[in-house]
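[1] Based on what follows, work out the 3D shape:
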Amino acid sequence: MTENATAPRPVIVAGVDGSPTSREALRWAAEEARLRTATLRVVCGWEWSSPFNLIGPALEYAAPDADTPSMEELTRAKVEELLTGTLGEEPGVPVEVRVVQGPATRVLVDASEGATLIVVGTRGHSGIKGAVLGSVSRHVTQHARCNVVVVRDSRDLAAGE
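    Numbers count the residues shown, from 1 in each chain. Sure, this is the predicted structure:
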C-alpha cells in the first residue's frame, strides 16, 4: 500500500488561555504533533463578558477607533506571544493559530471536529486550586469529537497533588 502524497496532515488541537497548565498542554501537543507529523492548531476562545481572558482580568474596553486594536487582535497577539514564549521561534511543526469569539467550551469542542486529538490543561485562569478538572476540560472530555488528552500542571505533580 502506498501513501497518498496529497493526504492532509493530521491535526492536533491545543486549547490555550495563557495559564501555566495551558502552557503545559501546548508543550505536550507540540511534541505529539512532531511525533505524528501533524499540524499543531493552537486555539483560544475569548468573550467580552469573561472575568478572565487570555490578556488577564477583563478590561474596560472603549469603542474602537482606527488606531485601537480589536479584542480579537489583542488576543491573537497574546496567543502568538504565548506560542513563541512556550515553544520558541521554531516550534518544529506546522502551526495554525485560531482565535475565536465565544465560550472556550464551545470553541474547543468545535475545534475538535476533524482533529486527531485535542489537548487541554486541567485548569485554566479561573481554575480552583485542588480541583481535579476545571469546567472547560471536563466539558471538552465529555463533548469533543475526537480523542482528548488532559495535561496536568507539572507543579501540581511535583507537589504530589
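[2] Please pull out the lowest mean pLDDT helix or strand from this structure.
    One helix or strand of the chain scores below all others by mean pLDDT, DSSP states H and E: strand 56-57, with a mean of 50.
[3] next SSE after that strand?
    helix 71-87 (DSSP states H and E).
[4] which other helices and strands contact the next helix or strand after that next one?
    On the C-terminal side of helix 71-87, the nearest following helix or strand under DSSP H and E is strand 95-101. In terms of contact count using 3 or more CB pairs under 8 Å, 6 or more residues apart in numbering; DSSP states H and E, strand 95-101 is assigned the packing partners strand 39-46, helix 71-87, helix 104-112. Using the backbone N, CA and C atoms, a C-beta is placed for each residue, glycine as well.
[5] can you tell me which of those comes nearest to R27?
    For R27, the closest of the helices and strands packed on strand 95-101 is helix 71-87, at 6.2 Å, according to CB to CB.
[6] Can you give me the buried ones in the closest one?
    Of all the residues in helix 71-87, those buried under the rule 16 or more other CB atoms under 10 Å are 71, 74-76, 78-79, 82-83, 86-87.
[7] Can I get that helix as CSV, trimmed to CA atoms?
    Once non-C-alpha atoms are left out, helix 71-87 reads as follows in CSV (Å, rounded to 0.1, in the frame of the first residue of the first chain):
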residue,chain,number,x,y,z
MET,A,71,-10.1,42.4,21.3
GLU,A,72,-9.5,39.7,18.7
GLU,A,73,-6.3,41.4,17.6
LEU,A,74,-5.2,41.8,21.2
THR,A,75,-6.0,38.1,22.0
ARG,A,76,-4.2,36.9,18.8
ALA,A,77,-1.1,38.9,19.8
LYS,A,78,-1.2,37.3,23.2
VAL,A,79,-1.6,33.8,21.7
GLU,A,80,1.4,34.4,19.4
GLU,A,81,3.4,35.7,22.3
LEU,A,82,2.4,32.6,24.3
LEU,A,83,3.3,30.3,21.4
THR,A,84,6.8,31.9,20.9
GLY,A,85,7.4,32.1,24.7
THR,A,86,6.5,28.4,25.2
LEU,A,87,7.8,26.7,22.0
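[8] From the chain's centroid, how far away is it?
    Remark: helix 71-87 is offset 11 Å from the chain centroid, using CA atoms, centre = their mean, to the nearest Å.
[9] likewise stretch 17-34?
    Relative to its parent chain, stretch 17-34 has a centroid offset of 7 Å by CA atoms, centre = their mean.
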